[in-house]
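Visitor: Compute the structure for the input listed below.
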Amino acid sequence: MSKQIKRLLLGSMAASGLVAVTAVVDLIIGIPYSGMMVFDILFLVTAAIVIYMGYETFKEST
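Guide: Sure thing, here's the model as predicted:
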């Protein structure tokens with residue numbers, strides 16, 4: 001796997017991690033997504049899927 005693809009993969013995992021952190025903060029505090037629990041849960045599930053898929057792809061490539 002080329003260096004550029006690895007950077008893209010890690011970048012998408014980092015962005016997904018940021019979404020997961022903001023969703024957890026929103027569940028606890030109610031900021032930045034106005035405390036909508038359904039969206040927070042969906043954000044966490046999709047972030048987990050993207051991180052899992054990225055991890056498996058990264059592991060497979062090495």
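
Visitor: from here on, contacts and neighbour counts on C-alpha atoms
Guide: Noted.

Visitor: could you list every residue that touches the residue positioned nearest the centre of the chain?
Guide: Closest residue to the average C-alpha location of the chain: Ser16 at 2.0 Å, with C-alpha atoms, centre = their mean. With contacts taken as C-alpha atoms under 8 Å, 6 or more residues apart in numbering, Ser16 has the following neighbours: Ala47, Ala48, Val50, Ile51.

Visitor: Once you drop chain neighbours, what's closest to Ala23?
Guide: For Ala23, the nearest residue in space outside its immediate sequence neighbours is Asp40; the separation is 5.0 Å by C-alpha to C-alpha, 6 or more residues apart in numbering.

Visitor: For the one you found, which three-state class applies?
Guide: In the three-state summary, Asp40 is assigned as helix, counting by DSSP: H, G, I helix; E, B strand; the rest coil.

Visitor: Next, count neighbours for it.
Guide: Around Asp40 there are 21 other residues, counting by other C-alpha atoms under 10 Å.

Visitor: contacting residues for it?
Guide: Taking C-alpha under 8 Å, 6+ apart, we find Asp40 in contact with Ala23, Val24, Asp26, Leu27, Tyr33.

Visitor: Point me to the helix or strand that includes the residue nearest to the centre of the chain.
Guide: Using DSSP states H and E, the element containing Ser16 is helix 3-28.
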